[in-house]
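S.K.: generate a structure from the sequence data that follows.
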Amino acid sequence: MVETDISITAADLYDYYLMHNYHSSSGIVGSTAGALCVVAGFMTQRWALLIAGLVVLFYIPVTLYGKSRLQWNATESFHQPLHYVLDEGGITVSQGEVKENQPWESMVKAVSTSRSIIIYTAGRSASIFPRAQLGDQQGALIEVISTHMPPAKVRIRS
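M.R.: Numbers count the residues shown, from 1 in each chain. You can find the predicted model right below:
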């Protein structure tokens, strides 16, 4: 069992949005198209193509940065710590009087970035665990996730 309090920041949301976007098919296609435009622009010396490629490459991270700031400001629950309990029954999240439990069977996948461990509870919904806030509990969290989720759904690097 792991029990921890997590305070989500706009930077944590930005990390989640980057991970989610660049691991989706549209993010991969957009990045590839932007990179190809930059390379083709250099090779053919067509500066409009180069500029278009750079715009495509920088548009996504810039808009995701803005989206993370807006989302954090608009969501009151991010301004107070979330209390997580991960045990045999699943993940229980509470904040004040509100409590929600999700069984392990309903978890979609668990992934990691250099900043966070992310457990997807639905297609675009996730629980974000910033590594900096986990401290000594990071190993225990990874162990609980790996124990209760099928290996095919867990892509966490320590």
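
S.K.: by contact count, what packs against the lowest-mean-pLDDT helix or strand in the chain?
M.R.: Lowest mean confidence among the helices and strands of the chain (mean pLDDT, DSSP states H and E): helix 25-44, at a mean of 90. Where contact means 3 or more Cβ pairs under 8 Å, 6 or more residues apart in numbering; DSSP states H and E, helix 25-44 is packed against helix 10-22, helix 47-74. Quick note: C-beta positions are derived from backbone N, CA and C, even for glycine.

S.K.: how about that helix: buried residues?
M.R.: Under the neighbour-count criterion of 16 or more other Cβ atoms under 10 Å, helix 25-44 has 27, 30, 34, 37-38, 41 buried.

S.K.: what of stretch 2-13?
M.R.: 2, 4, 6, 8, 10-13.

S.K.: how far does that stretch stretch from one end to the other?
M.R.: For stretch 2-13, the first-to-last residue distance is 22 Å (Cα to Cα, to the nearest Å).

S.K.: in CSV, list the buried residues of helix 25-44 along with distance to S112.
M.R.: Output for those, formatted as CSV (distance: Cβ to Cβ, whole Å):
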residue, distance to S112
G27, 17
G30, 23
G34, 25
C37, 31
V38, 29
G41, 35
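
S.K.: just give me the closest of those residues to G90.
M.R.: G27 (29.1 Å; Cβ to Cβ).

S.K.: chain neighbours aside, what residue packs nearest to that closest one?
M.R.: The spatial neighbour of G27 that comes closest, neighbours along the chain excluded (Cβ to Cβ, 6 or more residues apart in numbering), is N21 at 4.2 Å.

S.K.: tell me the SS of the nearest residue to F78 once chain neighbours are set aside?
M.R.: The shortest distance from F78 to any non-neighbouring residue, by Cβ to Cβ, 6+ apart, is to I8 (4.7 Å). Here I8 is coil, with the state taken from DSSP: H, G, I helix; E, B strand; the rest coil.

S.K.: to L82, which of the helices and strands packed on helix 25-44 lies closest?
M.R.: helix 10-22 (11.3 Å).
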